[in-house]
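Undergrad: 3D model of this:
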Amino acid sequence: MDRRKAIGILGSFGIIGCKPKRDIPFISDMPDTSLPAEIIDTPPSLAQIYSDGQTIKHPAGLIKVDGWTLLIDPDASSTYIQKRKEAENAEIELHISLIIPDEKNKTVTIGEYGCGNGILFDGIFYNAITYQPTRANEKTFLTILETRNGKVYKIDSVPVSFAVYHPEKKDDKRNHIFSEADLEAIVLQEIDSCYKTFTHLTQANVYIHKSKDEQMRSGEYNGNTDEVHLSSVVFTKPLFPLEGTMRLYHELCHAALQKLKVDTTDPRQMISLYSAYEKIAKQSNCTLPIKISFIGPPAFLEEDSLFTLFDESTYLNKLVGGEGIAEYGHPYSDYDELFASAMSVMRFFTEECISKYQKLRSADKRVAVKAGKIILNTFDYISQFAESFDPNVKIHVLPEYERLRKVFR
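TA: Residues are numbered from 1 along each chain as shown. Modelled structure (predicted):
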């Protein structure tokens with residue numbers, strides 16, 4: 001699998017790194033680890049706040065704060081592990097994580113979504129931990145965990161906080177959009193234009209965080225806070241035209257779907273959307289839930305005719321000359337991602353999507369047409385309220401809506 005493909009998938013979990021030389025456990029297979037109550041109960045106000053450029057000291061090496069990425073020295077960590085292996089005469093593994101307590105506030109799941117992991121396996125190290133921007137008062141712990149012959153035997157955990165951009169005051173000129181980075185006027189116009197098409201579908205706040213790491217191009221929608229978080233690099237150093245706009249569009253689709261997810265008055269549409277995802281998975285010979293490992297999805301999913309139909313990276317790879325672009329689209333993750341990815345494909349790659357659909361074999365085409373119809377039906381359902389304010393909202397969000405309706409009918 002292409003390294004950038006792996007990076008993109010890992011980025012969606014808040015993880016980034018190079019491809020290891022041996023299999024790594026699935027995220028769901030990582031151990032649950034309890035932290036001492038005195039650590040869990042530490043008030044957020046007592047957590048050490050780290051800013052860009054500062055370092056966190058540990059015997060495994062210095063950990064440097066670089067924007068919203070933690071950089072670990074792989075040489076120092078390798079040396080540390082080697083010494084531990086010789087001293088213990090055992091297989092030693094090191095897990096460095098940013099983690100948050102679960103709902104019971106007592107246990108922590110290593111590899112939880114929205115947190116970062118660095119893992120050292122026999123010298124192959126993920127040397128960057130990325131943390132999704134969060135409010136400063138959320139509990140976050142930097143945890144360095146060692147295992148001996150596969151069993152946890154040592155945990156160092158420190159409550160930390162990060163100086164993350166999160167202004168409370170709104171900009172009257174650009175309501176709901178906040179940028180830590182200085183963006184050019186033409187870029188701001190593109191952002192405004194994209195957001196305005198969703199004005200009556202979502203009121204999510206958008207935060208664009210200043211980032212120096214050109215590999216961290218992923219975004220996130222937080223349904224709990226109704227916030228979209230993006231890295232500035234997709235706007236300041238795009239790999240292709242409108243990269244930032246495409247990323248924003250994808251996350252705003254998540255935000256629009258969120259209203260339907262929390263509306264329990266009529267669950268039929270959500271059941272229908274899940275059914276479409278389930279049938280694609282079944283046709284693709286997948287067992288649900290589909291597990292995504294630390295090095296990305298199973299290889300066959302990246303070539304599957306149905307999932308790739310609704311995956312932005314399928315079309316972006318051709319756009320950038322065959323180079324792997326994975327941060328855009330992973331419809332195989334769940335029905336929410338299927339909706340956001342499919343909407344983005346229909347918006348930005350209409351011709352290519354229709355052409356690819358028409359070339360599908362009959363069995364796949366029957367599943368694809370039903371899935372496409374359900375995705376558009378879901379969009380219709382979400383747009384009902386918005387149409388009372390903007391009768392053309394569907395055309396604004398999907399300019400080729402009418403044509404797509406004729407294809408997926």
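
Undergrad: read off the pLDDT value for Pro159.
TA: For Pro159, the pLDDT comes out at 76.

Undergrad: what bridges to it?
TA: Counting by DSSP bridges, Pro159 is bridged to Phe141.

Undergrad: from His58, how far out is it?
TA: In this view, Pro159 and His58 are 15 Å apart by CB to CB, to the nearest Å. From N, CA and C alone the C-beta is placed, and that goes for glycine too.

Undergrad: same check, this time on His330
TA: On the measure of CB to CB, His330 and His58 end up 33 Å apart.

Undergrad: higher neighbour count, the two?
TA: Neighbours were counted for His330 and for His58 using other CB atoms under 10 Å; His330 has more, 25 against 17.

Undergrad: SS state for that one?
TA: The three-state label given to His330 by DSSP: H, G, I helix; E, B strand; the rest coil is coil.

Undergrad: nearest residue to it other than its sequence neighbours?
TA: Distances taken as CB to CB, 6 or more residues apart in numbering put Glu337 closest to His330, at 5.6 Å, once the chain neighbours are dropped.

Undergrad: how many residues are close by that neighbour?
TA: Neighbours around Glu337, by other CB under 10 Å: 20.

Undergrad: one more: Thr308?
TA: Thr308: 21 neighbours (other CB under 10 Å).

Undergrad: repeat for Ile49
TA: 13.

Undergrad: quick check: closest non-adjacent residue to Ile374.
TA: Leaving aside its chain neighbours, Ile374 sits nearest to Ala276 (4.2 Å; criterion: CB to CB, 6+ apart).

Undergrad: and that neighbour, how far from Tyr221?
TA: 20 Å.

Undergrad: ok, now Thr265?
TA: Per CB to CB, Thr265 is found 23 Å from Tyr221.

Undergrad: when the two are compared, which one has more neighbours?
TA: Per other CB under 10 Å, whichever of Thr265 and Tyr221 has more neighbours is Tyr221, with 24 against 4.

Undergrad: elements contacting the helix or strand hosting the more buried one?
TA: Assigned by DSSP states H and E, Tyr221 falls within strand 219-222. Here strand 219-222 touches strand 227-231, helix 243-262, going by 3 or more CB pairs under 8 Å, 6 or more residues apart in numbering; DSSP states H and E.

Undergrad: these: lowest mean pLDDT?
TA: Minimum mean pLDDT among those: strand 227-231, a mean of 88.

Undergrad: and the next helix or strand after that one, how far out from the chain middle?
TA: Using DSSP H and E, the helix or strand that directly follows strand 227-231 along the chain is helix 233-236. Between the centre of helix 233-236 and the centre of its chain there are 17 Å (CA atoms, centre = their mean, to the nearest Å).

Undergrad: re the thing from before, can you list the strands that the strand holding Tyr221 pairs with?
TA: Sheet pairing for strand 219-222, using DSSP bridges, gives strand 227-231 (antiparallel).

Undergrad: in this protein, which spans are helices?
TA: For the chain, helices defined by DSSP state H occupy the ranges 3-12, 37-40, 74-88, 185-197, 233-236, 243-262, 268-283, 305-309, 312-319, 335-348, 350-358, 362-386, 393-397, 401-407.

Undergrad: and the ones you listed as TSV, adding distance to His95?
TA: TSV is the format used below for those (distance: least, CB to CB, whole Å):
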stretch	distance to His95
helix 3-12	15
helix 37-40	16
helix 74-88	11
helix 185-197	37
helix 233-236	27
helix 243-262	29
helix 268-283	30
helix 305-309	30
helix 312-319	29
helix 335-348	26
helix 350-358	40
helix 362-386	38
helix 393-397	42
helix 401-407	45
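
Undergrad: tell me where the stretch 151-300 of the chain is predicted with low confidence.
TA: 162-164, 168-174, 213, 215, 291-299 (pLDDT under 70).

Undergrad: one more time with 80
TA: 151-175, 211-218, 264-265, 287-300 (pLDDT under 80).

Undergrad: out of everything not next to it in sequence, what's closest to Ala60?
TA: Tyr80 (4.5 Å).

Undergrad: just give me the neighbour total for the one you found.
TA: If we define neighbours as other CB under 10 Å, then Tyr80 has 19 of them.

Undergrad: Ile155 now?
TA: Ile155: 17 neighbours (other CB under 10 Å).

Undergrad: in this structure it contacts Phe141, no?
TA: No: the criterion here is CB atoms under 8 Å, and Ile155 misses it with Phe141 at 10.0 Å.
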